[in-house]
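Peer 1: This is the structure alone, sequence omitted:
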């Protein structure tokens with residue numbers, strides 16, 4: 001018997017692709033077939049290469065722009081997306097079309113709706129993105145973070161849920177993880193993640209103040225991001241002022257986030273929703289520096305939520321000069337790190353997303369009311 005299928009749009013950024021993969025993993029385990037629609041960006045193809053058991057397809061799309069040239073490109077890609085969606089949905093007849101937001105969403109969601117295929121949206125950030133806001137009125141179900149509201153849609157269509165995290169993201173053995181990423185098994189380790197857009201200020205900061213961490217015996221693992229003027233440099237050994245071995249590694253991309261997070265005593269990072277969910281999954285405290293140019297300043301909202309839950313600290317980018325003192329103080333304060341980890345463990349309940357899987361499974365297996373709601 002042919003497997004029932006879901007089509008999942010999740011390309012464009014790691015913050016969209018990673019939860020799409022996580023959901024596809026769970027639905028595949030339940031006996032469904034998933035097709036993941038991704039962009040032509042390198043970050044999509046690189047991450048997708050790891051998951052050979054999942055089906056990926058590139059879909060047309062580009063970000064909305066008000067400039068004449070950008071708007072024309074958007075309209076052209078919207079048309080291509082509609083045609084692509086009609087062709088794919090008519091051929092596959094999926095149970096539902098699921099989107100994690102981003103520029104791939106709009107045309108595909110419209111095509112899905114016109115073919116009477118349920119549209120399901122997942123928003124990970126504390127401030128919903130444009131694509132989710134636009135498409136929510138034609139969605140059968142909208143999954144939002146706990147406590148987040150969205151105007152213009154019936155409450156019956158909304159469910160609170162966490163961020164889907166890939167199976168591999170969980171706490172690994174610290175010694176094994178440190179060996180995996182090339183840092184020492186003893187001593188303190190700081191991990192730094194700037195993301196795909198906001199890496200340069202963090203790269204510049206650690207390049208300027210790296211010696212202070214070396215002097216204090218703190219090893220550093222820094223993911224610089226692609227094309228950020230910081231080539232993969234392997235691992236370099238130094239000595240602290242007390243003669244202890246300290247290792248520093250710069251890499252443009254991390255294929256093993258679970259090991260990187262499990263190896264770290266502290267993370268310094270931007271505050272995308274996916275990053276925060278992975279910090280919670282691996283139980284690692286963080287100092288968050290929100291990317292100030294994120295749409296609707298959603299990273300600041302994410303970081304404030306994380307801070308209010310007692311899982312870490314938040315420092316505005318305008319105060320990045322204070323980051324070194326704060327990081328060195330925190331990474332050497334074992335009592336405070338322990339308190340933050342305890343709060344993260346409590347917080348993990350809010351990141352549960354099993355209800356999303358059960359909703360979709362019930363609908364696919366015949367409980368049509370599982371997703372049926374009035375449209376606003």
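Peer 2: Thanks, I have it. In this text the structure is predicted, and so the values were computed from the model without any measurement.

Peer 1: quick one, strands of the protein?
Peer 2: Under the criterion DSSP state E, strands of the chain are mapped to 5-9, 33-38, 55-58, 96-99, 119-122, 141-144, 158-160, 188-193, 218-223, 234-239, 245-251, 266-269, 286-288, 312-314.

Peer 1: Where among these is average confidence lowest?
Peer 2: Lowest mean pLDDT within these: strand 234-239, a mean of 86.

Peer 1: Would you mind giving the strands of the chain as JSON lines with mean neighbour count and distance to residue 201 added?
Peer 2: Yep, even glycine has a C-beta here, placed from its N, CA and C like the rest. Formatted as JSON lines, these follow (neighbours: other CB atoms under 10 Å; distance: least, CB to CB, whole Å):
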{"stretch": "strand 5-9", "mean neighbour count": "25", "distance to residue 201": "30"}
{"stretch": "strand 33-38", "mean neighbour count": "22", "distance to residue 201": "28"}
{"stretch": "strand 55-58", "mean neighbour count": "17", "distance to residue 201": "31"}
{"stretch": "strand 96-99", "mean neighbour count": "26", "distance to residue 201": "30"}
{"stretch": "strand 119-122", "mean neighbour count": "27", "distance to residue 201": "29"}
{"stretch": "strand 141-144", "mean neighbour count": "24", "distance to residue 201": "30"}
{"stretch": "strand 158-160", "mean neighbour count": "17", "distance to residue 201": "33"}
{"stretch": "strand 188-193", "mean neighbour count": "24", "distance to residue 201": "11"}
{"stretch": "strand 218-223", "mean neighbour count": "25", "distance to residue 201": "13"}
{"stretch": "strand 234-239", "mean neighbour count": "13", "distance to residue 201": "22"}
{"stretch": "strand 245-251", "mean neighbour count": "20", "distance to residue 201": "15"}
{"stretch": "strand 266-269", "mean neighbour count": "25", "distance to residue 201": "11"}
{"stretch": "strand 286-288", "mean neighbour count": "26", "distance to residue 201": "13"}
{"stretch": "strand 312-314", "mean neighbour count": "22", "distance to residue 201": "15"}
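
Peer 1: Out of these, flag the one nearest residue 342.
Peer 2: Smallest distance to residue 342 across the strands of the chain (CB to CB): 12.5 Å, for strand 312-314.

Peer 1: and residue 31, how many neighbours?
Peer 2: 11 (other CB atoms under 10 Å).

Peer 1: right, and it touches residue 3 too?
Peer 2: Yes. Judged on CB atoms under 8 Å, residue 31 makes contact with residue 3 at a distance of 6.6 Å.

Peer 1: Need the per-residue pLDDT for residue 93.
Peer 2: pLDDT, residue 93: 95.

Peer 1: With residue 252 instead?
Peer 2: Per-residue confidence for residue 252 comes out at a pLDDT of 87.

Peer 1: Hmm, residue 203 and it touching each other?
Peer 2: No. Judged on CB under 8 Å, residue 252 makes no contact with residue 203 at a distance of 10.4 Å.

Peer 1: for this structure, what helix or strand is lowest in average pLDDT?
Peer 2: When each helix and strand of the chain is scored by mean pLDDT, DSSP states H and E, helix 42-48 comes last, with a mean of 78.

Peer 1: and that helix, what does it pack onto?
Peer 2: Applying 3 or more CB pairs under 8 Å, 6 or more residues apart in numbering; DSSP states H and E, one finds that helix 42-48 makes contact with helix 14-29, strand 33-38, strand 55-58.

Peer 1: tell me the contacts of residue 313?
Peer 2: Residues touching residue 313, when contacts are defined by CB atoms under 8 Å, 6 or more residues apart in numbering, comprise 286-288, 307, 326, 330.
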